[in-house]
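[1] show me the folded form of this:
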Amino acid sequence: MTRALVVTEPGDGSVLQVQDVVVPPPGDGEAQVRVAAVGVNFIDVYKRQGVYPMTTPFIAGEEGAGVVEAVGSGVTDVKVGDKVAWASYTGSATQLANIPADVLVPVPDGLDLETAAAAMLQGMTAHYLVNSTWPVQEGQIALVHAAAGGVGQLLVQLITGKGATVVATAGSDEKLDKARQLGAQHTINYRNFEGDALADEVRRLAGRGVDVAYDGVGRATFGASLRSLRPRGMGVLFGGSSGQVEPLDLQVLNRLGSLFVTRPTLGSYLLDREELLWRAEDILGQLADGRLKLEIGGRYRLDDAAAAYEALEGRATTGKLLLLP
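    Predicted coordinates:
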């Protein structure tokens, strides 16, 4: 038996229960991993709420890191004793998990398991956003909302590392200070602006419309994101921490300058193991050698998981939250 965080039915944090579950030996192609840390993410919330329909009950959690304790037949990529991390595997919030070996990636020497767990979903998300969805180039200007959050902090660092300029938004002076420390050249407290005023402030600070707007906030900011873009710029909606964006009249894109809009998801940028290893090894490697910094904003026991998600949904956090099974 092992302890696991179970979503008993669709709903709020009250449907989360820690239960004892049976974990069989690993099957064909699986590795059994002793889980050291599990990331707390909005995709967990969407699945718990039923925004992404799931059959209940199910074990929560999408990413983590730990040590391999056993392997099933046919597994050659990992062995007992290996430190590994993973993402996009529903059922991670447990002490012991059988995970398909082909989603596991090696944790480099010098990187602790908590940081590895914290980096997988948000790190690979930031990686595909700046390298594939809109390949950021030197001299460009990017708008990053929620720049002190888990993805936001990594976006700021990756974008400025490419020689581009960041206009960062956040909801407090403390969070804006964090964004500036990570390299953001311009910062805006979005609570001081409403409607078109936020886009006007972005354009004032940038000196023109931005090339790309990275928006994980959603309903509260996406209109301003589009109005902040230069002609033929791209609005990238990759999350909805303030709620889901209303349906969009495509003529708006015409009027604002032949804009592009995309709603990407990580799975579309991990189409094979080669792509997974490229993104994961690049992010984990940069963390291991100090080129990237990642802030752990809080650590919670499985029994306190509801509090972790309440903090995440209330946008009261900086950095990444972890569950420690």
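[2] centroid-wise, who is the farthest residue in the protein?
    Within the chain, the residue lying farthest from the chain centre (CA atoms, centre = their mean) is residue 73, at 32.2 Å.
[3] okay, buried residues for stretch 265-276 please.
    Using 16 or more other CB atoms under 10 Å as the test for burial, stretch 265-276 gives 266, 269-270, 276. Where you see a C-beta, it was placed from the backbone N, CA and C, and this is true even at glycine.
[4] look up the pLDDT of the residue farthest from the centre of the chain for me, please.
    For residue 73, the model assigns a pLDDT of 97.
[5] ok, it to residue 99 distance?
    As judged by CB to CB, to the nearest Å, residue 73 and residue 99 stand 15 Å apart.
[6] kindly report the same for residue 59.
    To residue 99, residue 59 is 12 Å away according to CB to CB.
[7] which neighbours do those two share?
    residue 92 (CB atoms under 8 Å, 6 or more residues apart in numbering).
[8] measure stretch 284-299 end to end?
    20 Å (CA to CA, to the nearest Å).
[9] same thing with stretch 257-273?
    End-to-end span of stretch 257-273 (CA to CA): 38 Å.
[10] need the contact list for the residue positioned nearest the centre of the chain.
    Nearest to the geometric centre of the chain sits residue 122, at 2.8 Å (CA atoms, centre = their mean). Shown in contact with residue 122 (CB under 8 Å, 6+ apart): 39, 41, 150-151, 154, 320.
[11] switch the cut-off to 6 Å
    150-151 (CB atoms under 6 Å, 6 or more residues apart in numbering).
[12] and it, helix, strand or coil?
    Using DSSP: H, G, I helix; E, B strand; the rest coil, the structure places residue 122 in helix.
[13] next one: it relative to residue 322, how far apart?
    12 Å.
[14] what about the nearest residue to residue 242 once chain neighbours are set aside, how many neighbours?
    Nearest non-adjacent residue to residue 242, counting by CB to CB, 6 or more residues apart in numbering: residue 220, 3.8 Å away. Using other CB atoms under 10 Å, the number of residues around residue 220 comes to 19.
[15] what of residue 263?
    When neighbours are counted by other CB under 10 Å, residue 263 comes out with 12.
[16] how about residue 24?
    Here the count is done by other CB under 10 Å, and residue 24 has 8 residues near it.
[17] restricted to helices, list the buried residues of stretch 265-276.
    Using DSSP state H, the members of the buried residues of stretch 265-276 that fall within helices are residue 276.
[18] returning to what we had before: from residue 213, how far out is the residue nearest to residue 242?
    13 Å.
[19] residue 51 looks like it's in a helix, true?
    No. Residue 51: not assigned to a helix; according to three-state DSSP it is coil.
[20] SS state for the residue nearest to it when sequence neighbours are not counted?
    Distances taken as CB to CB, 6+ apart put residue 244 closest to residue 51, at 7.4 Å, once the chain neighbours are dropped. The three-state label given to residue 244 by three-state DSSP is coil.
[21] got a pLDDT number for residue 244?
    For residue 244, pLDDT reads 83.
[22] ok, it - how many residues close by?
    Residue 244: 13 neighbours (other CB under 10 Å).
[23] show me the shaky parts of the chain.
    Of all residues in the chain, none has pLDDT under 70.
[24] and it, what are its domains?
    2-120+267-323, 137-263 (automatic domain parsing).
[25] and residue 59 and residue 99? Which one has more around it.
    residue 99 (23 against 16).
[26] hang on, the more buried one in a strand?
    Yes. Counting by three-state DSSP, residue 99 is part of a strand.
[27] any idea how far it lies from residue 16?
    Between residue 99 and residue 16 the distance is 21 Å, computed by CB to CB.
[28] next, the contact list for residue 263, please.
    Residue 263 neighbours (CB under 6 Å, 6+ apart): residue 237.
[29] ok, 8 Å please
    237-238.
[30] nearest to residue 54 among the buried residues of stretch 265-276?
    residue 266 (17.1 Å; CB to CB).
[31] was I right about the closest one contacting residue 89?
    No. The pair residue 266 / residue 89 is not scored as a contact, 11.9 Å apart, by CB atoms under 8 Å.
[32] what residues are shared contacts of residue 122 and residue 322?
    residue 39.
[33] tell me the contacts of residue 86?
    Counted by CB under 8 Å, 6+ apart, residue 86 has contacts 63-65, 92, 99, 103-105, 120.
[34] could you dump those to a markdown table with distance to residue 79?
    A markdown table is the format used below for those (distance: CB to CB, whole Å):
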| residue | distance to residue 79 |
| --- | --- |
| 63 | 21 |
| 64 | 19 |
| 65 | 16 |
| 92 | 21 |
| 99 | 14 |
| 103 | 16 |
| 104 | 11 |
| 105 | 14 |
| 120 | 20 |
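[35] so which of those residues are in helices?
    residue 120.
[36] from the contacts of residue 86, which land in strands?
    64-65, 99, 105 (DSSP state E).
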